[in-house]
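Novice: build me a model from this:
(chains A and B)
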Amino acid sequence: SQTIHQWPATLVQPVGSPLSLECTVEGTSNPNLYWYRQAAGRGLQLLFYSVGIGQISSEVPQNLSASRPQDRQFILSSKKLLLSDSGFYLCAWSVQTTGNTIYFGEGSWLTVV
Amino acid sequence: AQKITQTQPGMFVQEKEAVTLDCTYDTSDPSYGLFWYKQPSSGEMIFLIYQGSYDQQNATEGRYSLNFQKARKSANLVISASQLGDSAMYFCAMRESFYNQGGKLIFGQGTELSVKP
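Specialist: Just a heads-up that it's a prediction; the model follows:
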């Protein structure tokens, strides 16, 4: 069966520091991969998605970036965090057809102080 | 552009009663999928139910059913026999054709459901 893991689960970082959140999927190949962010009490906002290695599409201009160095690995990064980057970050995956469900990882709570 | 609307920020329901969570959507793509997710306080997003735009029958999964009215562009979630553990945030989401920007999932703002004993 397929599983998705992301880490770290909780992160407290000072303003201006770098960020790296990592996500890996097991049990499938060539998945679509996604990074979402959820601000407190609000819905999910799609940040990045990827349909293959090295292929990244950005939905929202910001100081975050994403990379997909391997088929089942998706990384969310920032060189300098802002206070507004605080939130709950969720990695997700799906197979590459419309009717298939998108499954989420456990999420990472980021607090920028 | 595609859009998902959940007009109920919060809902209360008595334990063992049924509750309907509203969701309307807008898309120009004839091929799309509609999803409902549950998010408890722990934060994880739990998939509940899926309805394809070409499906003739409403989807059901245990106590969850999706009231799909295509002409009205609505996809309401019905939870029967509510349980205390159903208290959570519920999100409606839509996914357009894969060939349209990777088939990304767009979410509504959510409805917070509270089940009262």
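
Novice: OK, contacts around residue 50?
Specialist: Unless you meant another one, I'm taking chain A. Counting by Cβ atoms under 8 Å, 6 or more residues apart in numbering or on different chains, A:Ser50 touches A:Asn32, A:Leu33, A:Tyr34, A:Ile56, A:Ser57, A:Ala66, A:Arg68, A:Phe74, B:Gly102. C-beta here means a position set from N, CA and C on the backbone, and glycine is covered the same way.

Novice: the intended chain is chain B.
Specialist: Residues near B:Tyr50 by Cβ under 8 Å, 6+ apart: A:Gly99, A:Thr101, B:Gly33, B:Leu34, B:Phe35, B:Ala59.

Novice: now the strands for chain A?
Specialist: Assignment of strands within chain A using DSSP state E yields the ranges A:3-7, A:10-13, A:19-26, A:32-38, A:44-52, A:55-58, A:64-70, A:73-78, A:87-94, A:103-104, A:108-112.

Novice: can you tell me how far whichever residue of chain A sits closest to chain B is from B:Phe107?
Specialist: Nearest residue of chain A to chain B: A:Phe104, at 3.9 Å (Cβ to the nearest Cβ). Distance of A:Phe104 to B:Phe107, computed by Cβ to Cβ, to the nearest Å: 11 Å.

Novice: so what's in contact with the two at the same time?
Specialist: Contacts common to A:Phe104 and B:Phe107, judged by Cβ under 8 Å, 6+ apart, are B:Tyr37.

Novice: how about the residue nearest the centre of chain A: which residues does it bridge to?
Specialist: By Cα atoms, centre = their mean, chain A has its centre lying nearest to A:Trp35, at 3.0 Å. Following DSSP bridges, A:Trp35 is listed with bridge partners A:Phe48, A:Cys91.

Novice: which ones are touching residue 67?
Specialist: Since you didn't name a chain, this refers to chain A. A:Ile56, A:Phe74, A:Ile75, A:Ser77 are the contacts of A:Ser67 under Cβ under 8 Å, 6+ apart.

Novice: my bad, chain B
Specialist: Shown in contact with B:Asn67 (Cβ under 8 Å, 6+ apart): B:Thr20, B:Asn58, B:Ser74, B:Ala75, B:Asn76, B:Leu77, B:Val78.

Novice: and it, which helix or strand is it part of?
Specialist: Taking DSSP states H and E as the criterion, B:Asn67 maps to strand B:64-69.

Novice: show me which positions of that strand end up buried.
Specialist: B:Tyr64, B:Ser65, B:Leu66, B:Asn67, B:Phe68 (16 or more other Cβ atoms under 10 Å in any protein chain shown).

Novice: look up how far B:Asn76 lies from the third one.
Specialist: When you say that, I think you mean B:Leu66. For B:Leu66 relative to B:Asn76 (Cβ to Cβ), the value is 7 Å.

Novice: and the second one, by the same measure?
Specialist: When Cβ to Cβ is applied, the distance between B:Ser65 and B:Asn76 equals 9 Å.

Novice: quick check: A:Ala40 touching A:Thr111?
Specialist: No: using Cβ atoms under 8 Å, A:Ala40 is not in contact with A:Thr111; the gap is 10.5 Å.

Novice: chain A contacts on chain B?
Specialist: Applying Cβ under 8 Å from any Cβ of the partner chain, we find that chain B lies next to chain A at B:31-33, B:35, B:37, B:43-45, B:47, B:50, B:52, B:91, B:93, B:95-98, B:101-110.
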